[in-house]
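>>> Dropping the sequence and predicted coords here.
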Amino acid sequence: MASIWVESLGRSFEQVLDLLAAAVHDCTDELWETPMWQVPAPDPERQFLGPDWNPITDPAQRRALAQQWVQRWATPWSVAWHALEVLDYELNGEFGPWAPPPPFTGHPHWRDLTSLPKAWTRPEMLGYVDYCRQRVRSTLAGMTGEKAATPLPPAHRYRGQPHAWIISGLVGHTTEHATQIRQFITAAGIAPGTQHGP
């Protein structure tokens with residue numbers, strides 16, 4: 001039987017994934033690709049990588065990618081994608097191989113946001129929410145005090161910190177982004193429960 005702390009964390013994840021799914025579901029087509037806030041142009045020194053992981057050096061291509069960055073960074077689809085990818089990745093904690101599910105496999109948000117030919121759809125994003133629900137359940141089902149206290153490996157950006165610290169912080173991170181989407185669509189006159197999505 002899971003500890004009350006693990007059970008409580010699981011309930012919090014269910015609630016925040018419900019919040020994110022509802023915001024994605026209620027978002028309209030016209031708002032799905034509309035920036036929720038003004039995004040400044042990226043630093044001119046920012047590297048954009050191609051699908052081969054090599055830097056893009058052509059000035060015209062770099063300008064086009066920078067423009068895509070500004071147009072896409074704060075859209076509901078980008079923010080939802082980021083929130084889910086971080087959740088999925090951090091549950092893994094670099095303790096083994098990790099890849100997001102299809103169709104997101106091979107398309108890291110930080111690299112491919114600017115180069116995807118089109119936005120991910122709401123059904124694709126809702127599928128990722130469901131996938132993350134299962135990942136949370138399976139991760140927490142096997143959670144012990146020893147596993148929770150295991151330091152993150154050197155390859156992880158938070159190396160050395162207990163895995164539990166990162167997992168518990170995911171609730172706040174996911175809530176922040178789900179709430180941004182909800183506030184944006186509410187300001188546009190879309191009430192919770194409005195069925196715009198699939």
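Yep, it's here.
>>> for stretch 165-173, what is the average pLDDT?
Averaged across stretch 165-173, the pLDDT comes to 96.
>>> With stretch 31-50 instead?
On average, stretch 31-50 scores 92.
>>> how far does it sit from the chain's center?
Offset of stretch 31-50 from its chain centre (Cα atoms, centre = their mean, to the nearest Å): 16 Å.
>>> Show me which parts of it are buried, residue by residue.
For stretch 31-50, a neighbour-count test (16 or more other Cβ atoms under 10 Å) marks 31, 32, 34, 35, 36, 42, 48, 49 as buried. Heads up, the C-betas are built off the backbone N, CA and C, glycines and all.
>>> and what of stretch 147-157?
For stretch 147-157, by 16+ other Cβ under 10 Å, it's 148, 152, 156.
>>> Mind putting the residues you listed into CSV with distance to residue 86?
Shown next, in CSV, are the buried residues of stretch 147-157 (distance: Cβ to Cβ, whole Å):
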residue, distance to residue 86
148, 19
152, 14
156, 12
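>>> tell me which element residue 186 falls in.
Residue 186 belongs to helix 163-187 when assigned by DSSP states H and E.
>>> I'd say residue 42 and residue 69 touch.
Yes - using Cβ atoms under 8 Å, residue 42 is in contact with residue 69, at 5.2 Å.
>>> Extract the residue ranges of this protein that are flagged as low pLDDT.
Regions of the chain meeting the criterion pLDDT under 70 cover residues 1-2, 195-198.
>>> Which residue ranges of it form helices?
Under the criterion DSSP state H, helices of the chain are mapped to 4-26, 29-32, 59-72, 76-92, 109-112, 122-141, 145-149, 163-187.
>>> Reformat those as a markdown table; add distance to residue 103.
What follows is the helices of the chain, written out as a markdown table (distance: least, Cβ to Cβ, whole Å):
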| stretch | distance to residue 103 |
| --- | --- |
| helix 4-26 | 16 |
| helix 29-32 | 16 |
| helix 59-72 | 17 |
| helix 76-92 | 11 |
| helix 109-112 | 11 |
| helix 122-141 | 6 |
| helix 145-149 | 31 |
| helix 163-187 | 20 |
